[in-house]
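Colleague: pasting the sequence and the predicted model now:
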Amino acid sequence: METRPDIHEVTTGAELRRWYWLRAELADALRDRGLPVSGNKHVLLDRLATFLDTGDVLRPKPRAQRSDFDWHSAPLDPTTVITDSYRNTQNVRRFFRDHAGAGFKFNIAFMTWMRENTGRTLADAVEAYHAIRADGARTRSTIAPDNQFNKYTRDFLDDNPTLGMAEVRKYWALKRARPSEDGRHTYDPSDLDLG
């Protein structure tokens, strides 16, 4: 079986992309080469792969000016406008518990709604939360492609309902230690043969 190389020994972008890397590993490899380490995991992967293949440095994009509204401590009411700097904070959670109900919980669909509805009010958000909750019983949230572990977990447990998170972690560790053509590691029933 082919073993996962040390990230510092990888010499091509193609080889780098065959393996699963933690963001911290990518950041360390970039830092050791004197390259920028800002951005999400996929930005770091692209930056390192480009550098390995061409020697070019992909610079971080300048951040757009954002609202300075303080979601951590500002007083919130139903007329508060959702800004581009929105964050899920304890202050926001308290507001929604008071206005949407004591059972309020953030969920992926609602967090996506908040992110995509800058300019709307928190009153609109309360209505959206209730609509999402009503619809949520019938639909399953989509897991973003970046969240390989979450997708693997859902698919693994759907296929193996008698197994739990300990087994998910075991087989995920075995799976991600192996290469893949595109660097994506998805659940396959044959994964149970890995260990």
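Modeller: Everything's here; your move.

Colleague: what residue lies at the spatial centre of the protein?
Modeller: The chain has N147 as the residue nearest its centroid, 5.0 Å off, counting by Cα atoms, centre = their mean.

Colleague: got the confidence number for that residue?
Modeller: According to the prediction, N147 has pLDDT 88.

Colleague: before we move on, what about the one 4 residues further on?
Modeller: Note for K151: predicted pLDDT of 93.

Colleague: do the same with D182
Modeller: We have a pLDDT of 83 for D182.

Colleague: wait, a strand at it?
Modeller: No. Under DSSP: H, G, I helix; E, B strand; the rest coil, D182 falls outside any strand and is assigned coil.

Colleague: ok now do the closest residue to it other than its chain neighbours, which residues does it touch?
Modeller: The shortest distance from D182 to any residue that is not its chain neighbour, by Cβ to Cβ, 6 or more residues apart in numbering, is 6.9 Å, and that residue is R17. To be clear about C-beta, it is placed using only N, CA and C from the backbone, and glycine gets the same treatment. Residues touching R17, when contacts are defined by Cβ atoms under 8 Å, 6 or more residues apart in numbering, comprise L45, A49, D182, G183.

Colleague: can you do 10 Å?
Modeller: V10, L45, D46, L48, A49, L52, P179, S180, E181, D182, G183, R184 (Cβ atoms under 10 Å, 6 or more residues apart in numbering).
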